[in-house]
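1. Got a sequence here, can you build the structure:
(3 chains)
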Amino acid sequence: MIDYEPLPEKYFDKDALTLAQALLGRVLVHHSPEGTTAGIIVETEAYLSKNDPACHASRGKTKRNAVMFGPPGRAYIYFIYGMYYCFNVVANAQEIGEAVLIRALEPVEGQELMRKRRKKSRSFLDLTNGPGKLCMAMGIDLQLNGFPLFKFPFYLGKGIDIELDMIKSSGRIGINQAQDKPWRFFLQGNQFVSRR
DNA sequence: CGGGAGATGGGCT
DNA sequence: GCCCATCTCCCGA
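-> Purely as a prediction, here's the structure:
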């Protein structure tokens, strides 16, 4: 079954490529005033500190990306396309500037609340199968930027065990830089992985 | 049901 | 002023 024991802070002190794979199968939990929602991570992307122009940290520290240069295991959240948020987990040691984008979840708790937050979605499969969608469904916004992801009310738990041969990789989605690099990871055959 | 374009605003050159 | 780590609607088939 699903293990909700929070991961320790040191768990996140890995390079982004390693962490992106390690986070598959972990459970993201948010106890909000509206209620509790949770989902298993099924799709991630790594953004690296070196030779990665698509990484927000690639041009140095700014007000927006400052969290990426802080300690690992914090939430890096930013506003995109004028209407959506994206949720990342800060990887590696302080001042490195790496993160893992969470691209899709499999809902395991609070499905009704997710539906309420995502009025426009028609089906269960549409609730959390994309970075903007999962932020909406989980109630994630800029208020949670920088939050340590091993504390109530917003944290990552152990979740479920993943067989290594179930992890597949591909190029990252929605960017033009380094498309040849297989830095997107997902669980083979999982219905909640965003397609393409 | 698949492709394409519009929405929409902050960050950076 | 242009570029986005996106999503939804609307169209044609």
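2. From here on, just use CA atoms for contacts and neighbour counts.
-> Noted.
3. Provide the backbone phi and psi angles at the closest residue to residue A:30 other than its chain neighbours.
-> Using CA to CA, 6 or more residues apart in numbering and skipping residues adjacent in sequence, the residue nearest residue A:30 is residue A:154, 4.5 Å away. Residue A:154 adopts backbone torsions of phi -140, psi 110, taken as degrees, to the nearest 10.
4. Quick check: pLDDT value at residue A:154.
-> pLDDT for residue A:154: 98.
5. What residues sit buried inside stretch A:95-110?
-> A:95-107, A:109-110 (16 or more other CA atoms under 10 Å).
6. In helices only, show me the residues you listed.
-> With helices taken from DSSP state H, there is no overlap with those.
7. So which of the residues you listed is the closest to DNA strand C?
-> DNA strand C lies nearest to residue A:101 out of the buried residues of stretch A:95-110, by CA to the nearest atom of the strand, at 4.1 Å.
8. Quick check, central residue of chain A?
-> Nearest to the mean C-alpha position of chain A, by CA atoms, centre = their mean, lies residue A:102 at 2.1 Å.
9. Residues in a beta bridge with the nearest residue to that residue once chain neighbours are set aside, which ones?
-> Nearest non-adjacent residue to residue A:102, counting by CA to CA, 6+ apart: residue A:44, 4.7 Å away. As for beta bridges, residue A:44 partners with residue A:102, residue A:185 under DSSP bridges.
10. now do residue A:39
-> Listed by DSSP bridges, the beta-bridge partners for residue A:39 are residue A:28, residue A:107.
11. Isn't it up against residue A:24?
-> No. Look at residue A:39 against residue A:24 with CA atoms under 8 Å: they stay out of range, at 11.1 Å.
12. coming back round to it: residues in contact with the residue nearest to residue A:30?
-> By CA atoms under 8 Å, 6 or more residues apart in numbering, the contact list for residue A:154 reads A:28-31, A:147-148.
13. Of the residues you listed, just say which sits nearest to residue A:163.
-> Residue A:163 lies nearest to residue A:28 out of the contacts of residue A:154, by CA to CA, at 19.2 Å.
14. May I ask you to confirm that that closest one is in contact with residue A:158?
-> No. Using CA under 8 Å, residue A:28 is not in contact with residue A:158; the gap is 9.1 Å.
15. And these two? Which one has more around it.
-> residue A:28 (26 against 19; other CA atoms under 10 Å).
16. contacting residues around that one?
-> Shown in contact with residue A:28 (CA under 8 Å, 6+ apart): A:38-41, A:154-157.
17. Need those in TSV (columns: distance to DNA strand C).
-> Below are the contacts of residue A:28 laid out as TSV (distance: CA to the nearest atom of the strand, whole Å):
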residue	distance to DNA strand C
A:38	17
A:39	15
A:40	16
A:41	14
A:154	18
A:155	18
A:156	17
A:157	20
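18. Could you list the contact residues of chain A toward DNA strand B?
-> Taking CA under 7 Å from any atom of the strand as the criterion, chain A approaches DNA strand B at residues A:56, A:59, A:62-65, A:79-83.
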